[in-house]
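Colleague: No letters, just coordinates:
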């Protein structure tokens, strides 16, 4: 009978008092980098596909770009609802791998795929009513109708996208993340060619404009999902896990465990996404130049964020492995090595961004005559965002390390306090009460994210300093 305990416990860990000399720390750093690099590159590949889609849609005109942005708001909100639950496959599978329980690794993947289907079907259906949702939120009928055309094509990508994410987490948990990277890299040119053909009508395909852009994304996501399933089923070292074995056997006990760990993660993602959406709304009140500069600076931050996100994914796996082995000292070391790596990378990138702050915005303004005010505001935000960038990188790594300990509910509380009670309130206070405008909004965001990062590091330190290890799901021998 499988046990899935949710209450934490403090246990004496084997090797907790072993000397952690420089060789041990260097070895941990090496393993983290090896695991993080393909994960980070996969995330950058996703950004590349989104960027190419937007570039192709941009040729349809400003109304199409605005409609795609509205559709992405609906899609991403729905996607985030289930993303945390699917991401919970990573700590559960990593802990089982560390504990040498291959059947539990398979079961963690299986419940993740089941969760993707169960959540994805109703949320996909809800997106097909996206025009009504957008009208209720105050958008015009014309804009909502265009967004709905895009959603009719792209809404179907959510379930295969989640399943691919679960499979990628499984690959990472068993220390083989490279196939997910190769699949992503192969998908980038395929996505670009297919999107071009379906948007404008090429290679004998019909010109479907926004509907074609959405269909291309869905087709590519289905292809990536099928490729990942085949790799995990047929290729070494994954096939020994028999990932499709007893697939139709529903595992309620482990599903509850997945939800307990994953639902707070989704909540944290929604709180974070919500505060950035609210900040964009505040920027719109200030003016078009402020909003454009804000979006440019955030896009630059998003590209940089992909690397610490990959480091964070590696931290979840590395910490999870040591939890499975019962080694609390090594779990602590894995988390802090990943946090230090995230700080080092983001500090370096922040310096480079500050030095090129006047040129970087030009990359996002296309062939239009650049607005000097937009460039000036964006350049100032990129300097002002130094704390923002570093704290954002740290928080994702620290949160991911805590996920390796199955600790997600307290970070959800931290997210609510940091992003809304402090961050959003700070945006309003500095931006409007003190009259600092766009700069004040970024000061508020920076403070909120910095508080969140500090709280997460404190939480990880507190748990691991007392050799905390959670109860992990077990399976019959």
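Modeller: It's in. No experiment lies behind these values; they were computed from the predicted model shown.

Colleague: How much space separates residue 357 from residue 381?
Modeller: Shown here: residue 357 relative to residue 381, a distance of 9 Å by CB to CB, to the nearest Å. Yep, even glycine has a C-beta here, placed from its N, CA and C like the rest.

Colleague: what's the answer for residue 172, then?
Modeller: For residue 172 relative to residue 381 (CB to CB), the value is 34 Å.

Colleague: And the two? Which one has more around it.
Modeller: In terms of neighbours (other CB atoms under 10 Å), residue 172 is the more surrounded of residue 172 and residue 381; the figures are 29 against 25.

Colleague: Which residues are in contact with that one?
Modeller: 35, 39, 90, 94, 180, 313-314, 317 (CB atoms under 8 Å, 6 or more residues apart in numbering).

Colleague: Helix or strand next in line after the helix or strand harbouring residue 224, which one?
Modeller: In this assignment (DSSP states H and E), residue 224 forms part of helix 209-234. Using DSSP H and E, the helix or strand that follows helix 209-234 in sequence is helix 252-286.

Colleague: Check which helices and strands that next one sits against.
Modeller: Secondary-structure packing of helix 252-286 (3 or more CB pairs under 8 Å, 6 or more residues apart in numbering; DSSP states H and E): helix 62-87, helix 89-98, helix 102-127, helix 288-325, helix 386-404, helix 409-415, helix 425-428, helix 437-465.

Colleague: right, so those: which one is the most enclosed?
Modeller: Neighbour counts (mean count of other CB atoms under 10 Å) averaged over each of the helices and strands packed on helix 252-286 peak at helix 89-98, with a mean of 29.

Colleague: can you name the two of the contacts of residue 172 that are farthest apart?
Modeller: Across the contacts of residue 172, the longest distance by CB to CB is 15.0 Å; it joins 94 and 180.

Colleague: Report the contact partners of residue 459.
Modeller: By CB under 8 Å, 6+ apart, residue 459 lies in contact with 398, 402, 407, 410-411, 414.

Colleague: ok, it to residue 45 distance?
Modeller: Separation of residue 459 from residue 45 (CB to CB): 31 Å.

Colleague: Same check on residue 144?
Modeller: According to CB to CB, residue 144 and residue 45 sit 31 Å apart.

Colleague: Residue 207 belongs to a strand?
Modeller: No. Applying DSSP: H, G, I helix; E, B strand; the rest coil, one finds residue 207 to be coil, outside a strand.

Colleague: For residue 53, see how far away the spatially closest residue to it that is not a sequence neighbour is.
Modeller: Nearest residue to residue 207, sequence neighbours excluded (CB to CB, 6 or more residues apart in numbering): residue 201, at 2.9 Å. In this structure, residue 201 and residue 53 are 17 Å apart, going by CB to CB.

Colleague: again with residue 60
Modeller: Taking CB to CB as the criterion, residue 60 is separated from residue 53 by 11 Å.

Colleague: Tell me which of those two has more neighbours.
Modeller: Higher neighbour count among residue 60 and residue 53: residue 53, with 22 against 17, using other CB under 10 Å.

Colleague: by contact count, what packs against the helix or strand harbouring that one?
Modeller: In this assignment (DSSP H and E), residue 53 forms part of helix 22-58. When contacts are defined as 3+ CB pairs under 8 Å, 6+ apart, helix 22-58 packs onto helix 62-87, helix 158-173, helix 178-200, helix 209-234, helix 288-325, helix 328-355.

Colleague: Let me have the contacts of residue 172 in CSV, extended by pLDDT.
Modeller: Output for those, formatted as CSV (pLDDT from 0 to 100):
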residue, pLDDT
35, 93
39, 93
90, 95
94, 95
180, 95
313, 95
314, 96
317, 96
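
Colleague: How many residues are close by the closest residue to residue 353 other than its chain neighbours?
Modeller: Spatial nearest neighbour of residue 353, chain neighbours left out: residue 382 (5.3 Å); criterion: CB to CB, 6+ apart. Residues contacting residue 382 under the criterion other CB under 10 Å number 26.

Colleague: Over to residue 382. Which of the three states is it?
Modeller: Assigned with three-state DSSP, residue 382 falls in the helix class.

Colleague: any idea how far it lies from residue 439?
Modeller: For residue 382, the distance to residue 439 - CB to CB - is 12 Å.

Colleague: got it, and residue 352?
Modeller: Remark: distance between residue 352 and residue 439 (CB to CB) = 21 Å.

Colleague: cool, residue 322 as well?
Modeller: 43 Å.

Colleague: same question, residue 95
Modeller: Residue 95 sits 44 Å away from residue 439, going by CB to CB.

Colleague: isn't residue 264 right up against residue 416?
Modeller: No. The pair residue 264 and residue 416 does not pass the contact test of CB atoms under 8 Å, sitting 10.6 Å apart.

Colleague: who has more neighbours, these two?
Modeller: Between residue 264 and residue 416, counted using other CB under 10 Å, residue 264 has the larger neighbour count: 22 against 15.

Colleague: remind me which residues of this structure are low pLDDT?
Modeller: Along the chain, segments meeting pLDDT under 70 span 1-20, 62, 364-370, 473-477.

Colleague: cutoff 50 now
Modeller: The chain contains residues with pLDDT under 50 at 1-18, 20, 476-477.

Colleague: Per the annotation, how does it divide into domains?
Modeller: 29-250, 263-470 (automatic domain parsing).

Colleague: With adjacent residues omitted, what lies nearest to residue 304?
Modeller: Nearest residue to residue 304 in three dimensions, chain neighbours excluded: residue 349, at 4.9 Å (CB to CB, 6+ apart).

Colleague: same deal with residue 159?
Modeller: Distance criterion CB to CB, 6+ apart; nearest residue to residue 159, sequence neighbours excluded, is residue 120 at 3.6 Å.

Colleague: what sits against the most centrally placed residue in the chain?
Modeller: Closest to where the C-alpha atoms of the chain average out (CA atoms, centre = their mean) is residue 309, at 6.8 Å. Contacts for residue 309 (CB under 8 Å, 6+ apart) come out as 39-40, 43, 396.

Colleague: Kindly report the same for residue 250.
Modeller: Residue 250 is in contact with residue 114, counting by CB under 8 Å, 6+ apart.

Colleague: circling back to that earlier point, columns distance to residue 426 on top of the helices and strands packed on helix 22-58, output as CSV?
Modeller: Listed next are the helices and strands packed on helix 22-58 as CSV, based on distance: least, CB to CB, whole Å:
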stretch, distance to residue 426
helix 62-87, 23
helix 158-173, 32
helix 178-200, 36
helix 209-234, 36
helix 288-325, 15
helix 328-355, 20
